[in-house]
Each structure stands twice: as C-alpha cells, then as structure tokens.
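Chemist: What follows is a predicted structure for the sequence shown.
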Amino acid sequence: MYTEIRFPEFDVRFIAVNDGVDSESEDNDFTPFRNIINEWYAKDTSKKIRAVFKAKGMSGKRLSTQAPYGYLRDKEGNLTVDTEAAPVVRLIFQLAAEGNGPGKIARRLREMEIVTPGTLEFERTGRTRRYDPANPCFWLSSTVVFILNNRDYLGHTVNFKTTKKSYKSKKKIQNPEEKQVVSENTHEALVSQETWEIVQKNRENRRRPTRMGDMGLFSGLLYCADCGRPLNLNRTKSWAREQDNYTCGTYKRKKGECTAHFIRAVVLEQLVLENLREVIAFARADTEGFIRQAMSNRIEAQMQEQAQARRTLEQQERRIAEIDGIIKRLYEDNISGKLTDERFSKMSADYEQEQARLQVSARELRQTVEACEQQSVNMDSFIKLVKKYTVPDKLFPELLHAFVEKIVVHAPDKSSGHRTQQIDIHYNFIGEMELSHAIDKKETA
C-alpha cells in the first residue's frame with residue numbers, strides 16, 4: 001500500500017539501503033516478493049512468540065511485567081507484598097464490604113491524603129505516565145473499580161486477560177473470563193475469599209445516596225415480598241432519625257400495583273440485630289446443629305426447585321417431540337394433496353416457532369437442574385464469619401453486609417387487632433433458614 005500507492009501519490013522517494021530498493025529505479029520487480037517474504041517472517045515470529053507466552057501462562061507463571069498496586073516483583077518475577085501500599089488495598093476492600101461505592105471510597109482516600117498508585121510509581125521509578133504533580137492524592141473512582149475487580153488480590157495469578165486480533169494490530173481486547181487462565185495460590189493474598197464475595201455482591205446491588213448525601217444502612221438489601229422490587233429509603237432534614245422509613249419502590253411510582261410495605265428504619269435495625277445475635281449465638285454454641293439445620297433448609301429448597309424444573313422440562317421435551325410428529329404429518333398431507341401449500345407453510349411456521357420457544361426454555365431448565373445438582377451450601381465460609389465477629393450489640397455496615405445477602409419485607413397484617421409485620425433475612429452462603437424470620441408486633445390505633 002505504501003510503496004506502490006501512497007508514496008507515489010505524495011511524490012515520496014522510498015529507499016531501503018540493506019535491500020537495495022530505490023523507488024526511482026526501474027529495477028524493483030522483486031520488491032513485492034520481498035515484502036511477502038518479510039510478511040511471512042513477521043507472522044512466523046509472532047506465532048512462535050505467542051506459543052512461548054501461552055506455555056508460560058498455562059504453567060501458572062505471571063505474564064504481566066507490571067506488579068499490581070499493593071505488590072512488588074522480586075528478582076524471579078514473583079509477587080511479594082508491598083508493605084506501603086498493601087494496607088491501602090485492604091482499606092479499599094474493607095470500605096467496599098461496608099457498602100461504600102467506588103466514588104465514596106475515592107473521596108475517603110483523597111480526604112486521608114493517600115498518594116495514588118501513579119504518584120507512588122513516580123516516587124519510586126520516576127515514571128510520569130500516571131502522575132499528576134498538581135494532584136498527587138486525587139484518587140479516581142475508576143482506579144478503585146479496577147482494584148476491586150482485580151482477582152490478583154486473592155493470591156491468584158490471572159493470565160490472558162487481554163488479546164489482539166492480529167500481530168499487526170496494537171489494540172488490546174478484553175478476553176472473556178472463560179478464556180482467561182487462573183492459577184490459584186501463587187502469592188500471598190491481600191483479601192480473603194469471603195471479603196471478595198461480599199464486595200462483589202455489594203457492587204452488583206449498586207445504590208444511590210439520598211439527596212442529603214448519605215446512604216441508608218439497608219439500601220440495596222431490602223426487597224418487597226409481593227412484587228420483588230427494592231424498598232426505597234425516605235428521609236428529610238426536618239425528620240428525626242426515628243422517622244426514617246422504607247417503602248416499596250413499585251408503590252411509590254405506581255400506587256395501586258402494590259402496597260407500601262412501610263417499615264421504620266429503627267424497627268428494621270432492631271429486628272435484624274436481634275435475629276443476627278440469635279443466629280451467631282446458635283452457630284457458636286452448637287456449630288454441628290446449626291450446620292444440620294442450615295443444610296436441611298437449603299437442600300429442601302433445592303430439591304423442590306429441582307423437582308419442579310424436571311417436571312416442566314419433561315413436559316416441554318414431550319411437546320417438542322409431538323411437534324416433530326405433527327410437522328411430519330403435515331408434510332405428508334401436503335405431498336398427498338390433502339393440504340394446500342399456503343396452508344402447510346402457515347401451519348408449519350406456527351409449529352416451528354412454538355418448538356423454537358420450547359427449545360430455548362428447555363435449555364434454560366436444563367441449566368437450572370444442573371445448577372441445583374452442583375450447588376452446595378458453603379458452610380465453612382459462614383462459620384469463618386461467625387468466628388471473626390463477636391455477638392454484636394450494635395448493627396454497623398461492615399457487619400450487616402458481611403452476614404446479610406438480602407432482606408424480604410412482608411406487608412403488615414392488622415387482621416388480629418395488632419399490627420404484625422414479618423421480615424425474612426437471607427444470610428450470605430446459607431440463604432434462608434428457620435431462624436431467619438423476624439416479626440414486629442404493635443397495637444393498632
């Protein structure tokens with residue numbers, strides 16, 4: 001393209017001294033062949049280098065030459081803990097586990113005047129690629145997100161995170177997780193598996209702060225028992241803390257489609273705290289009995305879900321087979337003249353659409369059945385949490401997000417002359433169990 005098209009267009013003379021090429025000379029017939037040979041050589045070299053890197057990456061050795069923030073590389077290329085930056089990484093994950101978002105964490109780091117990874121790199125190496133001399137402590141939320149998504153902090157080496165379409169292209173493309181290679185326990189972890197899972201769960205349930213600039217203790221955890229929508233926090237500057245409350249999001253937007261499911265924040269906090277104290281005390285006093293109860297509840301729920309999925313799957317597979325037979329008979333009737341071509345096309349198209357929908361649904365049901373068969377209760381992780389925390393006398397964000405996956409709020413019941421309201425607490429790793437139900441009782445007016 002350059003030697004034969006672009007250079008002549010701009011009157012550029014091309015000279016390659018080593019190859020004896022001069023575009024003003026008429027003796028350049030061999031140049032295109034030379035270009036092809038050079039192209040083959042570059043392609044072959046790229047293929048060999050890729051093979052070497054693939055073998056190295058598959059063996060568990062780290063391919064990246066850049067150590068993640070919080071680590072240093074030793075002479076052998078292994079990661080060691082950076083005593084200066086590692087506490088910052090742990091602080092970031094701790095704040096995220098407490099329910100803080102990346103933006104709030106970044107603001108907290110700026111307030112603490114902690115230097116950014118780019119500033120730290122400049123102080124150590126003199127590199128200025130990520131250094132802003134005017135703002136050495138200005139953390140960005142994108143930097144926090146990158147740290148929270150980095151599995152290297154679990155002590156694992158993750159290779160082949162990016163790829164390139166061609167050896168000619170310099171643009172990097174993110175590889176999907178299934179194409180990445182993870183080698184576990186290759187270096188010291190800065191974050192436990194339990195904390196990692198809590199942080200990822202919190203980030204999936206992203207929450208917005210109120211207009212007052214803060215965030216409710218239970219925001220992102222509360223769900224309506226009837227419509228399944230999240231509950232929203234209601235508060236104003238003129239209210240006392242005891243007046244803060246949560247109501248169903250559907251009810252707030254479209255009255256009539258659901259009820260308010262109104263519950264005061266202080267009442268909810270007391271119910272959850274009492275239930276959490278009971279669960280932790282039970283798990284500490286009788287660990288084996290607690291495990292049996294949790295396992296029994298989860299297995300029963302899994303068996304019900306699996307049985308229902310199997311029944312539906314069998315029905316759909318029978319219907320798919322029936323449609324095959326129907327289409328075959330329609331084809332025979334069309335061939336014999338009993339059915340017109342137009343009628344055959346319409347009827348067969350309808351049946352084929354139905355069959356396609358059933359096949360998609362059946363595929364999803366098979367995945368559900370397989371997931372139920374493979375799923376197991378991670379009791380070890382929950383018991384570790386129980387041992388990590390003492391029986392609490394106060395509810396705080398880190399404790400709440402460490403233990404609670406979600407809270408389902410039922411509508412209040414006033415039929416007995418008392419206002420009773422039930423909440424179902426789903427705990428991390430073990431889900432819902434008999435102890436997970438808490439009820440608030442109050443006299444009606």
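Modeler: All right, it came through fine.
Chemist: now the strands for the stretch 251-400 of the chain?
Modeler: Here the stretch 251-400 of the chain has its strands, by DSSP state E, counting those that start in this stretch, at 263-264.
Chemist: Give me the below-cutoff pLDDT ranges for it.
Modeler: Residue ranges of the stretch 251-400 of the chain with pLDDT under 70: 295-306, 368-378.
Chemist: For Met413, name its beta-bridge partners.
Modeler: If you look again at residue 413, you'll see it is Asp, not Met. Residues in a beta bridge with Asp413, per DSSP bridges, are Thr420.
Chemist: what about it, distance to Arg419?
Modeler: Per CB to CB, to the nearest Å, Asp413 is found 7 Å from Arg419. Using the backbone N, CA and C atoms, a C-beta is placed for each residue, glycine as well.
Chemist: do the same with Val267
Modeler: From Val267 over to Arg419 the distance is 11 Å, taken as CB to CB.
Chemist: Now do the shared contacts for those two.
Modeler: Shared contacts of Val267 and Arg419 (CB atoms under 8 Å, 6 or more residues apart in numbering): Asp440.
Chemist: and Ile407, what element?
Modeler: Counting by DSSP states H and E, the element that carries Ile407 is strand 404-409.
Chemist: repeat for Thr247
Modeler: Thr247 belongs to strand 245-248 when assigned by DSSP H and E.
Chemist: what is the rounded mean pLDDT of that strand?
Modeler: For strand 245-248, mean pLDDT is 90.
Chemist: Tell me how far it lies from the chain's centre.
Modeler: 27 Å (CA atoms, centre = their mean, to the nearest Å).
Chemist: Same check on stretch 405-414?
Modeler: Offset of stretch 405-414 from its chain centre (CA atoms, centre = their mean): 27 Å.
Chemist: Could you do stretch 192-203 as well?
Modeler: Distance, centroid of stretch 192-203 to centroid of chain: 10 Å (CA atoms, centre = their mean).
Chemist: Could you list the buried residues of it?
Modeler: Buried residues in stretch 192-203, counted by 16 or more other CB atoms under 10 Å: Ser192, Glu194, Thr195, Trp196, Ile198, Val199, Lys201, Asn202.
Chemist: which one among the residues you listed gets closest to Ile383?
Modeler: Of all the buried residues of stretch 192-203, Ile383 sits closest to Glu194, with 10.5 Å by CB to CB.
Chemist: Please list all residues in contact with that closest one.
Modeler: So Glu194 contacts Ser381, Lys384, Leu385, Ala402 (CB under 8 Å, 6+ apart).
Chemist: where's Leu72 relative to Leu120, distance?
Modeler: Distance from Leu72 to Leu120, by CB to CB: 11 Å.
Chemist: the more surrounded of the two?
Modeler: More crowded of Leu72 and Leu120, by other CB atoms under 10 Å: Leu120, with 19 against 16.
Chemist: and that one, what is it in contact with?
Modeler: The neighbours of Leu120, taking CB under 8 Å, 6+ apart as the test, are Tyr69, Glu84, Ala85.
Chemist: any idea of the pLDDT on Thr210?
Modeler: pLDDT at Thr210 comes out at 58.
Chemist: where along the stretch 151-300 of the chain do the helices fall?
Modeler: Remark: helices assigned in the stretch 151-300 of the chain by DSSP state H, counting those that start in this stretch are 193-204, 249-253, 265-285, 287-336.
Chemist: among the ones you listed, which is nearest Thr259?
Modeler: Nearest to Thr259, of the helices of the stretch 151-300 of the chain and by CB to CB, is helix 249-253 at 6.1 Å.
Chemist: Contacts for that closest one next, please.
Modeler: So helix 249-253 is contacted by Cys224, Cys227, Arg229, Pro230, Leu231, Asn232, Glu257, Cys258, Thr259, Ala260, His261 (CB under 8 Å, 6+ apart).
Chemist: Just the buried residues from those residues, in ChimeraX please.
Modeler: Applying 16+ other CB under 10 Å to those, the buried members can be selected in ChimeraX as follows:
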select :224,227,229,230,231,232,258,259,260,261
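Chemist: ok, back up a step: right, and the helices of the stretch 151-300 of the chain - which one's nearest Lys43?
Modeler: helix 193-204 (40.4 Å).
Chemist: between the closest one and strand 404-409, how big is the angle?
Modeler: Interaxial angle of helix 193-204 relative to strand 404-409 (axes from the mean of the first three to the mean of the last three CA atoms, to 10 degrees): 50 degrees.
Chemist: Let me see the mean pLDDT of helix 193-204.
Modeler: For helix 193-204, the per-residue pLDDT values average out at 83.
Chemist: Pull up the distance across stretch 174-181, start to finish.
Modeler: One end of stretch 174-181 sits 13 Å from the other (CA to CA, to the nearest Å).
Chemist: Kindly report the same for stretch 224-235.
Modeler: Taking CA to CA, stretch 224-235 runs 19 Å from one end to the other.
Chemist: Go ahead and name everything in contact with it.
Modeler: With CB under 8 Å, 6+ apart, stretch 224-235 has contacts from 210, 212, 216, 218-220, 222-223, 243-250, 252, 257-259, 261, 263, 265, 408-411, 424.
Chemist: Check the residues you listed for burial and list the buried ones.
Modeler: Here, 16+ other CB under 10 Å leaves 210, 216, 218-220, 222-223, 244-250, 258-259, 261, 263, 265, 408-411, 424 buried among these.
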